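Colleague: Pasted the sequence and its predicted model underneath.
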Amino acid sequence: MKNLQEQNAPELLQEEKSVFNSPLERRSFLQFAGAGAAGIALMAAGCKKDRGNDPMVSGGVTLDFKNDIGVLNYAYALEQLEAAFYIQVASNPPSSFSAAEKAYFQDIQFHEIAHREFLKKVLSTSAIGSLDVDFSSINFADRTSVLNTAKAFEDLGVAAYNGAGVRLTTDAYITVAGQIVSVEARHAAYIRDIISNGSFADLTTLTALGASDTNGLDGALTPDKVLGIAKTYVKTQINVINL
C-alpha cells in the first residue's frame, strides 16, 4: 500500500489541486469536486487489503489512525460537520445578515461542500459513512449564535488540520491538507472580522480551545481533543482506534 501511495499520489492528485489554486467563486467551485476522482479512487482502493485486519468497533463510525486513510477520514468527518452547518445557514440566514454577508456565507458553504466531496472521492470505498449532526444548541435565526458557532467551527477546523498534519506520511496528502487548512483560515479570519472589525488575526479562541498561539503561530489540537469538542454537534458515535 505504501508503495502505491508514494508512486501514484502526486500524479493522481495533480488535477485535483485546481480546486485550491483556482479563484474561490460561488457555485462554480463545486465543478472541481469530482474532477479526477476516478483516478484518485484507485489509491484508496489500493489500501482496502489492509482494512481487513482492523479492530472492529460496533456502532457508529470508526476512525483508525494507523495510516493516512484514517487521517483523511478524520478530515472528512470534520468537513461533513462544517458543510452541514453552512448549508443550513445559507438556506435560511438570520434576517439581520446583510446582502454581502449572505453571499459570503453561500461562498463558504460551497467551499465546505467541495472539501467534503473532494475527500469522499479520494477515500472512495474506504470512506466512513455520513454523520448525523445535532445542531439543536444553535439558534439559526440569531445572528450572534450563528457567527459565534461559525467562528468556533473554523478555529476548530484550523487547529484540527494543524494537529493532524504530522500524522500524514504521503507528500501529496500533506500538500492538499495544507491547501484546505489555508482556506479554512481565510474563513476564520473573515468571520472574526464580521464579529469585530479588525480582529481577523486574533487567536484568543484557539487559546481557549487549549491550542498554542505563541510566536504568531496558529494553534494545533490532537484528534482526541478536537473530537471531544465536536461531539456536541454529532449524533453518530465516532470510535477512535490506534491514536
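Modeller: Everything's here; your move. Residues are numbered from 1 along each chain as shown.
Colleague: Every contact and neighbour count from this point should use C-alpha atoms.
Modeller: Noted.
Colleague: So what does I238 have for phi and psi?
Modeller: Note on I238: backbone dihedrals following degrees, to the nearest 10 are phi -110, psi 110.
Colleague: in what helix or strand does the nearest residue to N239 once chain neighbours are set aside lie?
Modeller: Ranked by C-alpha to C-alpha, 6 or more residues apart in numbering and with sequence neighbours excluded, the top spatial neighbour of N239 is T62, at 4.5 Å. Using DSSP states H and E, T62 maps to strand 61-64.
Colleague: where does the closest residue to V89 other than its chain neighbours fall, phi/psi-wise?
Modeller: With C-alpha to C-alpha, 6+ apart as the criterion, V89 has its nearest non-adjacent residue at 6.6 Å, and that residue is F140. Geometry field for F140 lists phi and psi as phi -70, psi -10, criterion degrees, to the nearest 10.
Colleague: Touching, F140 and P93? I think so.
Modeller: Yes - taking C-alpha atoms under 8 Å as the definition, F140 is a contact partner of P93 at 7.1 Å.
Colleague: who touches the residue nearest to V89 in this structure?
Modeller: 88-89, 92-94, 146 (C-alpha atoms under 8 Å, 6 or more residues apart in numbering).
Colleague: Is it possible to get a markdown table of the residues you listed that adds pLDDT, neighbour count and secondary structure?
Modeller: Shown next, in a markdown table, are the contacts of F140 (pLDDT from 0 to 100; neighbours: other C-alpha atoms under 10 Å; DSSP: H, G, I helix; E, B strand; the rest coil):
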| residue | pLDDT | neighbour count | secondary structure |
| --- | --- | --- | --- |
| Q88 | 97 | 13 | helix |
| V89 | 97 | 20 | helix |
| N92 | 96 | 12 | coil |
| P93 | 97 | 21 | coil |
| P94 | 97 | 19 | coil |
| V146 | 97 | 19 | helix |
